[in-house]
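>>> here are the coordinates; sequence isn't available:
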Ligand code: HEA
Ligand code: HEA
Ligand code: CUA
Ligand SMILES: [Cu+2]
């Protein structure tokens, strides 16, 4: 998504931030997009709170917590990459972008391990669901939502990793200015947004009645 | 938008985020009843606010962008709030029902 | 005609149309004006596809027995009619054609904010269209445009997944268009173009874009959940798993009620432009009109539950939604009254676009008022899911929005093509459409009150008279819709050159050539006066 | 059969009259407004057409007081209609004391109805004149909607739950019954007739079919009469187990035992709830010793069986 500042005839104050405004609006659509899933979660959880607590105990809260830490850290590197761009440090930008992409990939790797464990435990609704303890219905609903929500999130993150890597490669080319780059800023916004979604998913998935 | 914010700000934000993560994980181990969820969500909101303000530079963004960010959350609240008027006041008598063959 | 005052216009030698003649030059263009024309072609095709389905529906309903098509075919017909007309015709109609063409011109910009995204949105639209047509060829879908679960997820044996995919995809084209307009209006206005100097058309498209951006994703995710539930046999709407079919309805209408305002706000914008121009008068209550547009867009999000009064939603929620529905009607009332007041002391000419505009005001008022019947809880219990509802929304969407769209096409036709069309034929078509419309849909109000349910291909024999009237009206309507195709097509090749401003209208788009040059304005415009600086005492100015 | 006299729909229930009043008022108010607007538009169009020699000086471009007038007047009218409509609407769902229950089950593409004494009918409904009726609707497959135009009533039957509706037939005759929620192929044919009869005729008719109500139907009533539903409804605020499909399910108890929920277990749960407390629940369920008759218990068990997925296809 690139604005074309070259076609704008006069530079007047309100012409700034074109691409990032576009990005924020895009993020608004994303919020509504995920909002549906959060609403569905709320509905299903209120229908059977005990069931959701029981299901949450079947998740791997340590992996979830580690993953949260990874993702928060990746947000730091991403934000610093954008900042280094403003400051004009090309080498630093590239290194930070790679760090971000790496952390994102690490997150996905951990997530895959988790999925694998859930498959082993027969917690994958529709494909491999063998759980028959109490609240089986709610547990199934929980894991259905779990896979949809984390799955959609993981897709977003994968796209993010790909874009960050692409940007890191492109920035090696000195003909691309690192200073005034709306692309990097927008990508940063996207990355932080994906992080923000996870921040909400984390307590809703892993921490329900953890004291049990 | 003239000079970029100092690196310190970023590091402090990150530290705060990590601290909040630790807090939320720890608190979840105590039995607080309904407050468990409330605390979890409140901390999540605080984390997202930190990310938004410092990593996404909402603090330095134009009023317009801030308005869009807030409006989005408001619209989400509409979705939750008004469908809530139904769910909060509906009494359901469950009836037997089963999915058709093959489902 | 005011055009007589202008010396004998000649066509400009260069324009966005002469920039390239190859098909590739069109398919790779980033010029918002060319993209507008790409959209116009695509949605016209879809309009006639939806229209053909409507024709078959009306022919079937001539007799009370289901003798022309089978029940299943009929169900597929109204589904494809609804899906195509809503998502592939009416939602993109004004925004993606007139909006794309005019918004940059009206705000004095050379471009939209994201030209490449704009082209991408057209391709996404086409892709969604391909899915839908493929689905149709493969056998169609029979859920109704509302995709209610559990029918759509567990019981229908038709191509629900394809249909949902088509709508899902076209949704992203809407989102991109909306996003583009919002940023364009915020960031690309010419110097001096303050918010309260914007034409109401731009206000309307801005508000529409907000709805597109905030509501469409909800539909997208909801359809995704439908597809997952259908494919994997598990989901959150399945009552056997503790899910709730009503949750689907909440989510669907959270999108679809705002979507009806997506379909009418741009029409209101178009009509506002035409009424001021042909009454040679400033729009009455400009600021109230602008606020009303925003009010409709915002309040439109609060009323979706009025589609669910008998669905098993809680009684209290029904009351909340009923009351909010009454409030959203108020800004619409403001608009109707302001249009009326604009005529006062005007200097009115009855050109074809003006006839369409007046038709819009009348039919929108009737459609809106019957909306009030439906928003009244007790009345809706009787009227919901009958032909009264069908008549209500066709009044607004066909009598209102389609009228306004056609009016807008006529009004800006000289600007877009640089040629004039036959006014006489234009007026004839407008009048035929108006009469055809009334004959088609007034009987349906009565049918609804008498208790004829919608989505029925068979009905009680004593209702035949009204149904035959309605079908007769539909054939007149079809003629009315085919007419413009002919004389506008003729104008495209044989029409006399229009000159920059054949209507002697105000607004930046009329200050440049017809058709406009690629860069829109030969020199960057500077805005110094409020919109609609018309003077009824001197209509020639 | 042609129930519409001319183009008028009979009003055959208490509700119908109230709805018709609302509709009539709406028609008068909107009709008047629409004609007034059309008239004003016409007058302006003629008087101020181009070329007409009239005074066009000082044409106003806005007037505050006018704007406020035409903002708040419609608002007041609209809210008036809202309030009226809401009151009538609430009447549909009010307390149904003394109402005669009729169970309605929608199924692609027919209506199955069952009276309290067990008499069943398909696509036909017989009702006594002047007797308040409470419809309890359910569906076996998709959403259907029960619509009798002459009564002006309509209610969706929603999968997985019961919905209700009350009204009183007030006019003898035969009326159309339709399904008005799209439900698939034969949606248009899913309908029938409603016969409103004199009470004595109805009593005779009812006795003809003299079967006893199904146990499950009585169990459903008992479940609500005794207050079980207050805790065991899925949406109840009390934390109690969901009993849908409980029969033959494996139950984990507080003390670690597992039992199969058979008749005896359910019976004990009702009479001696403290004995087998379900894992994860507080033992707050009172004993129904002395309140629930033996017949009630059998009915309830039959009802609970019928909610199971395996029983009774
Ligand atoms: C462009 C489309 C459009 C628009 C603008 C509207 C506008 C309105 N609609 Fe409509 N509606 C639809 C399209 C639209 N609708 C569709 C497609 C459906 C059916 C979907 C389906 O089920 O398939 C539907 C269904 C629908 C229902 C559900 C019916 C049912 O299924 O039971 C309701 C109920 O409240 C409703 C209400 C309203 C109201 C109150 C308005 C208001 O916004 C109208 C406001 C306007 C006015 C009121 C006129 C101007 C006012 C005056 C001149 C003032 C004076 C008037 C008085 C004093 C009365 N609509
Ligand atoms: C967005 C807009 C839109 C538009 C423009 C229209 C336009 C028309 N609609 Fe449609 N309609 C809907 C949206 C729209 N509709 C929706 C959303 C539904 C609900 C679907 C559902 O229940 O799921 C619906 C449902 C609907 C029904 C109810 C079906 C049912 O419930 O059983 C009917 C019945 O009369 C109908 C009729 C018409 C007619 C006669 C036109 C006319 O205006 C169309 C006129 C155009 C033409 C006729 C095409 C031009 C000419 C030709 C192609 C040449 C061939 C023609 C002939 C030989 C006659 N529509
Ligand atoms: Cu049953 Cu429609
Ligand atoms: Cu609506």
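Right, received. Where do you want to start? All values derive from a computational prediction rather than experimental measurement. Numbers count the residues shown, from 1 in each chain, chains lettered A, B, ... in the order given. Ligands and ions are numbered 1, 2, ... in the order given.

>>> Quick one: end-to-end length of stretch A:203-212, please.
With C-alpha to C-alpha, to the nearest Å applied, stretch A:203-212 spans 15 Å between its terminal residues.

>>> now swap in stretch C:65-74 and tell me
Start and end residues of stretch C:65-74 are separated by 12 Å (C-alpha to C-alpha).

>>> is it anywhere near chain D?
Yes: for stretch C:65-74, a contact with chain D is found by C-beta under 8 Å from any C-beta of the partner chain, at C:66, C:71-72, C:74. Backbone N, C-alpha and C define where each C-beta goes, glycine included.

>>> how far is the longest helix along chain A from where the chain is centred?
Longest helix of chain A, by residue count under DSSP state H: helix A:136-171. Here the centre of helix A:136-171 is set off from its chain's centre by 6 Å, with C-alpha atoms, centre = their mean, to the nearest Å.

>>> Mind telling me the two of the residues of stretch C:65-74 next to chain D farthest from one another?
Spatially, the most separated pair among the residues of stretch C:65-74 next to chain D is C:66 and C:72, at 10.4 Å (C-beta to C-beta).

>>> how about the helices of chain B, start to end?
Assigned by DSSP H, the helices in chain B fall at B:7-27, B:34-50, B:63-89.

>>> repeat for chain A
A:18-47, A:49-56, A:61-87, A:90-120, A:136-171, A:182-206.

>>> Could you save these as a markdown table and add columns showing mean pLDDT, mean neighbour count and distance to residue D:116?
Formatted as a markdown table, those follow (pLDDT from 0 to 100; neighbours: other C-beta atoms under 10 Å in any protein chain shown; distance: least, C-beta to C-beta, whole Å):
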| stretch | mean pLDDT | mean neighbour count | distance to residue D:116 |
| --- | --- | --- | --- |
| helix A:18-47 | 93 | 22 | 31 |
| helix A:49-56 | 91 | 21 | 36 |
| helix A:61-87 | 94 | 22 | 53 |
| helix A:90-120 | 95 | 18 | 50 |
| helix A:136-171 | 94 | 20 | 32 |
| helix A:182-206 | 94 | 23 | 46 |
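
>>> does residue C:394 really touch residue C:445, like I thought?
No: look at residue C:394 against residue C:445 with C-beta atoms under 8 Å: they stay out of range, at 10.2 Å.

>>> list the helices and strands the helix or strand where residue C:403 lies packs on?
Per DSSP states H and E: residue C:403 is located in helix C:403-417. Applying 3 or more C-beta pairs under 8 Å, 6 or more residues apart in numbering or on different chains; DSSP states H and E, one finds that helix C:403-417 contacts helix C:32-60, helix C:100-107, helix C:245-279, helix C:352-375, helix C:423-449, helix C:464-494.

>>> who's in contact with the nearest residue to residue D:189 once chain neighbours are set aside?
The shortest distance from residue D:189 to any residue other than its chain neighbours is 6.0 Å, reached at residue D:109 (C-beta to C-beta, 6 or more residues apart in numbering or on different chains). With C-beta atoms under 8 Å, 6 or more residues apart in numbering or on different chains as the criterion, the residues that contact residue D:109 are D:179, D:183-187, D:189-190.

>>> Chain C: which of these is nearest?
residue D:185 (5.0 Å; C-beta to the nearest C-beta).

>>> Now do the closest one, the pLDDT please.
According to the prediction, residue D:185 has pLDDT 91.

>>> how close does it get to residue C:250?
27 Å (C-beta to C-beta, to the nearest Å).

>>> Of the two, give the one with the bigger neighbour count.
Higher neighbour count among residue D:185 and residue C:250: residue C:250, with 25 against 18, using other C-beta atoms under 10 Å in any protein chain shown.

>>> Residue D:155 is in contact with residue D:165, isn't it?
Yes: counting by C-beta under 8 Å, residue D:155 does reach residue D:165; the two are 4.3 Å apart.

>>> what do these two both touch?
With C-beta under 8 Å, 6+ apart, residue D:155 and residue D:165 have common neighbours D:135, D:137, D:146.

>>> looking at this, the second one is in a helix?
Translated: residue D:137. No: checked against DSSP: H, G, I helix; E, B strand; the rest coil, residue D:137 lies outside a helix; its state is strand.

>>> From residue B:100, how far out is it?
19 Å.

>>> Between those two, which is the more surrounded one?
Ranked by neighbour count (other C-beta under 10 Å), residue D:137 and residue B:100 place residue D:137 first, with 25 against 12.

>>> Quick check: the more buried one vs chain A, distance?
Distance of residue D:137 to chain A, given as C-beta to the nearest C-beta, to the nearest Å: 21 Å.

>>> Report pLDDT for that residue.
Listed pLDDT for residue D:137 reads 92.

>>> Please apply the same query to the one 5 residues further on.
Confidence at residue D:142, expressed as pLDDT, is 93.

>>> what sits against it?
C:148, C:150-151, C:154-155, D:108, D:159, D:181, D:183-184.

>>> among those, which are in reach of ligand 3?
Restricting those to those touching ligand 3 (C-beta under 6 Å from any ligand atom) yields D:181, D:183.

>>> Now the residue nearest to residue D:189: phi and psi?
Phi and psi for residue D:109, reported as degrees, to the nearest 10, are phi -130, psi 70.

>>> so residue C:533 touches residue C:280, yeah?
No: Residue C:533 is beyond contact range of residue C:280, at 10.5 Å (criterion: C-beta under 8 Å).

>>> And the residues of stretch C:65-74 next to chain D, which is closest to ligand 3?
Taking C-beta to the nearest ligand atom as the measure, residue C:71 is the one of those closest to ligand 3, at 11.3 Å.

>>> Hmm, the closest one is touching residue D:182, no?
No: here residue C:71 lies out of contact with residue D:182, judged by C-beta under 8 Å, at a distance of 11.5 Å.

>>> okay, these two: which has more neighbours?
The neighbour comparison of residue C:71 against residue D:182 (other C-beta under 10 Å) goes to residue D:182, with 25 against 19.

>>> Residue C:155 versus the more buried one, what's the distance?
To residue C:155, residue D:182 is 11 Å away according to C-beta to C-beta.

>>> same deal with residue C:190?
Residue C:190 sits at a distance of 56 Å from residue C:155 (criterion: C-beta to C-beta).

>>> Could you give the number of residues near the residue of chain C found nearest ligand 2?
Per C-beta to the nearest ligand atom, residue C:51 is where chain C lies closest to ligand 2, at 2.2 Å. Residues contacting residue C:51 under the criterion other C-beta under 10 Å number 19.

>>> Enumerate every residue touching it.
Residues in contact with residue C:51 (C-beta under 8 Å, 6+ apart) are C:478, C:481.

>>> try residue C:163
Counting by C-beta under 8 Å, 6+ apart, residue C:163 touches C:79, C:83, C:131-132, C:135, C:141, C:143, C:147.

>>> Show me just the buried residues among these.
C:79, C:83, C:131-132, C:135, C:141, C:143, C:147 (16 or more other C-beta atoms under 10 Å in any protein chain shown).

>>> What separation do you get for whatever residue of the stretch 1-150 of chain D ends up closest to chain C and residue D:91?
Across the stretch 1-150 of chain D, no residue is closer to chain C than residue D:149, which sits at 2.6 Å (C-beta to the nearest C-beta). Separation of residue D:149 from residue D:91 (C-beta to C-beta): 18 Å.

>>> what helix or strand does the nearest residue to residue C:449 once chain neighbours are set aside sit in?
Spatial nearest neighbour of residue C:449, chain neighbours left out: residue C:388 (6.1 Å); criterion: C-beta to C-beta, 6+ apart. For residue C:388, the host element (DSSP H and E) is helix C:387-394.
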